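J.: got a predicted model here, sequence first, then my questions.
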Amino acid sequence: MAKRIEINPYNPQPRLISTVCDTLRRGGVVCYPTDTMYGIGCDIFNQKAVKRVHQVKNRPKQKPFSFMCSSLKNISLYAHVGNTAYRLMRKHLPGPYTLVLPGSKLVPKIMLTKQKTVGIRVPDSPICLAVIEALGNPLLNTSALRDDHEEPVIDAFDVENLFGYDVDLIIDGGEMYPDPSTVISLLSEQPEILRKGKGDVEPFL
């Protein structure tokens, strides 16, 4: 069963963030709260861990996961960001958006689509941002949900019931009602809304 640790969602304790990063550096898979819902992730540069998440989520390798960066500057390392995309992201990140962009050469192949695109988030979540900054690498991001599970996953105990035997560590950041991120393609000058979620789409239209 996964270890569960409580981290303050507004003021994460550095010692506990360090514990999470130790797990990730060893190739561990972690569940954590974001600004939209509880998620599952690992270091995107640990291929074994990424493959584990594919297995846990029963997801084909041809369908890559999105990942989370700590800032707009951090995004520019892993994606090609045009002027329009930069302006929009500067205004609305951190926030509940997943942005589709052309991936850079730094992104591992397993994280790229066939079109060499990536889905990137900068979540409005002190826990996630602290982990990414301390780790020094982006964090794979997928929902802590199973396809056949219809009940909302509200807290770390729900996550433990679903994934307790599949992951190494669960961060308890309190209760949150799941609301998926809004997905927006910034591959061209005109943004394209691919999925409406928690983030307001008006500024992108």
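T.: Right, received. Where do you want to start? Please read these numbers as outputs of a predicted model, since none were measured by experiment.
J.: C-alpha from now on. contacts and neighbour counts both.
T.: OK.
J.: what about the nearest residue to Pro9 once chain neighbours are set aside, how many neighbours?
T.: Excluding its sequence neighbours, the residue lying closest to Pro9 (Cα to Cα, 6 or more residues apart in numbering) is Gly173, at 5.2 Å. Residues near Gly173, counting by other Cα atoms under 10 Å, number 20.
J.: distance between the ends of stretch 140-154?
T.: One end of stretch 140-154 sits 20 Å from the other (Cα to Cα, to the nearest Å).
J.: again, but for stretch 34-47
T.: 23 Å.
J.: can you pull the buried residues of it?
T.: Using 16 or more other Cα atoms under 10 Å as the test for burial, stretch 34-47 gives 34-45, 47.
J.: dump the residue contacts of the residue nearest to Pro9.
T.: Residues in contact with Gly173 (Cα atoms under 8 Å, 6 or more residues apart in numbering) are Glu6, Ile7, Asn8, Pro9, Tyr32, Pro33, Asp155, Ala156.
J.: just give me the closest of those residues to Leu135.
T.: Nearest to Leu135 among the contacts of Gly173 is Tyr32, at 14.5 Å by Cα to Cα.
J.: which SS class is that closest one?
T.: strand (DSSP: H, G, I helix; E, B strand; the rest coil).
J.: before I go, just wanted to say thanks for your time.
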